[in-house]
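**Student:** predicted coordinates and the sequence they were generated for:
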Amino acid sequence: MELRHLKYFMVIAEELHFGRAAQKLNISQPPLSQQLKQLENELQVKLFHRTNRSVEMTEAGKVFLENTYNLFNYLDYACETTRGVHRGEIGELTLGYSGSAVFDLLPTIIHSCNQHFPSLTLDMKQLTTSEQIKALEERKIQVGLLVPPIESPNLITEKIREEKLVVCLPKNHPLAQRRTQIDASELAAENFIMPPQQAGYGYYDAIKNIFEDASFTPNIVQTAKEQHTMVSLVAAGIGIVIVPEYTQFIKLDNVVYLPFNKHYPKITAMVWHKENKRPVVNRFIRVVQEQVIPRFN
C-alpha cells in the first residue's frame, strides 16, 4: 500500500464519481480504477458499490475514509513538527540558574520565550555556578545563567547584565538606622554569612574584592548556598551578608538592604557548550540575545 493509493481513494470518496475524480487527479479513469482495485485487494474489502449510474461507499469504506483522513492529518503534523524542530522552533531545553536570577532575569526569559518561542518546553534547574559548569560539561543542561569567570575551554560565555552588590543587615542594626549608603570599611567588625567558595568563584570573588578594597579580613561565621537562606540567617541575627541588589525582592520584616557608597558589581552571564548542535538551543540563545539582554543594558 502506497500513499498514492490512499490519496486516490480519498478523492473518489469525496467526488463519488470516477470521471470527476480522475479529472481532479489529472489521470485517466482506467488507471484510477486499477489503483482502487489494488487497494481493495490488499485490504480484502470492497470500499465502494459501483453501478452504471452511481458510486456509493460501503460501510467499510466509510470507516477507512475516516482513518485515512486521520492518517494524513497526522502525517501533516509530523512533517510540520519535523520542520519546526529543524528550524529550532520546537523542542525541549534544560536551563540552569542560580542566585538573584530567579527574581527578575529568569521571569523575563520565561516571558520572552512565551512570546517569541511558544513551542519551547523549558525545564529549569536551580544549581550553583559550579554545579552548572559540571552539568554543562556533561550535557545535563544546555544553557546556564551563572556568575563568570569560567575557565572551561568547552563553554561559551555571554554577559547578560551587571548588578550592584548591597549589604543585608538586621533592621535594628546600628548601621541601618537612618542610613541610605554604607562604606565597606564600616563592616570590618561584623560577623559575615558567605556563599561557599566552591559553589562559584565569580560571586565569592566579587564579595572578596569588597573586603580587599576596605582592607579587612572578614569574620565568617556561616556559609549558605541560596539567597533566601542567607537572608533568613540575617533575620535570625546570625550575621550580615553581601548580596546582589535584586535579592531585595526577598522581603522580610526585620532585615534591610543598604547600597554601598562605591560601585561593586556582580555579573550574570549566559553559558552554553561550544559543540552544541541543537537548533532549539541556538534559537533560545537568539531569543535571549535579542529580547532579554537589551532590557538589562
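**Tutor:** Perfect, thanks for sending it.
**Student:** using PDB, write out every CA atom in the helix or strand where Y257 lies.
**Tutor:** The secondary structure element spanning Y257 is strand 255-259 (assigned by DSSP states H and E). Extracted as PDB, the C-alpha positions of strand 255-259 are listed here (Å, rounded to 0.1, in the frame of the first residue of the first chain):
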ATOM      1  CA  VAL A 255      16.000  43.000  57.500                       C
ATOM      2  CA  VAL A 256      17.100  46.000  55.400                       C
ATOM      3  CA  TYR A 257      19.300  46.400  52.400                       C
ATOM      4  CA  LEU A 258      21.800  49.200  52.000                       C
ATOM      5  CA  PRO A 259      23.800  50.100  48.900                       C
END
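**Student:** next secondary structure after that strand?
**Tutor:** Sequence order places strand 265-273 as the next helix or strand after strand 255-259, per DSSP H and E.
**Student:** mind listing what's buried along that following strand?
**Tutor:** Buried residues in strand 265-273, counting neighbours by 16 or more other C-beta atoms under 10 Å, are found at K266, I267, T268, A269, M270, V271, W272, H273. Every C-beta, even on glycine, is put in place using the N, C-alpha and C of the backbone.
**Student:** so which of the residues you listed comes closest to I150?
**Tutor:** The shortest distance between I150 and any of these, using C-beta to C-beta, involves V271 and amounts to 6.2 Å.
**Student:** contacts only, for the closest one.
**Tutor:** Contacts for V271 were tallied using C-beta atoms under 8 Å, 6 or more residues apart in numbering; they are 132-133, 136, 143-146, 148, 150, 155-158.
**Student:** quick check: bridge partners of it?
**Tutor:** The partner list for V271 in beta bridges (DSSP bridges) reads G144, T157.
**Student:** and the contacts of V271, which are buried?
**Tutor:** Burial by neighbour count, 16+ other C-beta under 10 Å: within those this picks out Q132, I133, L136, V143, G144, L145, L146, P148, I150, L155, I156, T157.
**Student:** got CSV for the residues you listed, with distance to L95 and pLDDT too?
**Tutor:** As requested, those are exported to CSV (distance: C-beta to C-beta, whole Å; pLDDT from 0 to 100):
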residue, distance to L95, pLDDT
Q132, 10, 95
I133, 14, 95
L136, 11, 96
V143, 5, 97
G144, 7, 96
L145, 7, 96
L146, 11, 94
P148, 17, 92
I150, 16, 90
L155, 15, 96
I156, 15, 96
T157, 15, 96
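**Student:** quick one, domains of this structure?
**Tutor:** According to automatic domain parsing, the chain is divided into the following domains: 3-86, 91-160+273-296, 161-266.
**Student:** with that, I have no additional questions.
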